[in-house]
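In: What follows is a predicted structure for the sequence shown.
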Amino acid sequence: MKHLIQPIQLDASAEALLAENDLPVSDLQGNSRIVLFGCISGAQFSGIVGLELYGDVALLRSLAVSKAARGNGLGNALVAHAERHAAQQGVHSLYLLTTTASGFFGNLGYRSAARETAPAAIAATRQFSNLCPSSSAFMVKALGS
């Protein structure tokens, strides 16, 4: 299935989808390092993904797919779109934190990493330092060379 994914602004609909998926939104507003992409179905977002960009490293974040849109490859498409955008911006390593989806990300080529190996820019993010629990899986993927 083809998904139309495009840059989006954070609005009430996007925040509702993130909240429905128990994802933090408090650090999204006003952070110029964050870019969001979404797929819209009707008047609502069916999926969202974000990137927090720091030079040659970035944090993949805020991946959420509505319950109605699950099972048709939208999550994979959103991650692939974010990875392509990150690579175009010069990102070589993409990091993420997850409490529930390490298997999903593992299937997409992400590998577990020790939190203490996080680059300083990633470790300093609010998501890494206090929004995600310390029990979250920390994962990394090297983007194409």
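Out: Happy to help now that I have it. Computed from a prediction, not measured in an experiment: that's the story for all the values here.

In: So which residues of the protein form helices?
Out: Here the chain has its helices, by DSSP state H, at 12-20, 74-88, 102-107, 120-123, 126.

In: now the last one, how far from the chain's geometric center?
Out: The chain centre lies 14 Å from the centre of helix 126; the measure is CA atoms, centre = their mean, to the nearest Å.

In: List of residues touching that helix?
Out: 26, 27 (CB atoms under 8 Å, 6 or more residues apart in numbering). Quick note: C-beta positions are derived from backbone N, CA and C, even for glycine.

In: Return the helix or strand in the protein with minimum mean pLDDT.
Out: Between all helices and strands in the chain, the lowest mean by mean pLDDT, DSSP states H and E belongs to helix 126, at a mean of 76.

In: How about residues contacting stretch 66-73?
Out: Contacts to stretch 66-73, defined as CB under 8 Å, 6+ apart, come from residues 1, 3, 17, 20, 39, 41, 44, 45, 46, 47.

In: Flag the shaky bits of this structure, pLDDT-wise.
Out: 1, 130-134, 145 (pLDDT under 70).

In: how close does the residue in it sticking out farthest from the centre sit to residue 12?
Out: Distance from the centre of the chain peaks at residue 42, with 22.6 Å (CA atoms, centre = their mean). According to CB to CB, to the nearest Å, residue 42 and residue 12 sit 15 Å apart.

In: my read: residue 19 touches residue 26, true?
Out: No. Residue 19 is beyond contact range of residue 26, at 10.9 Å (criterion: CB atoms under 8 Å).
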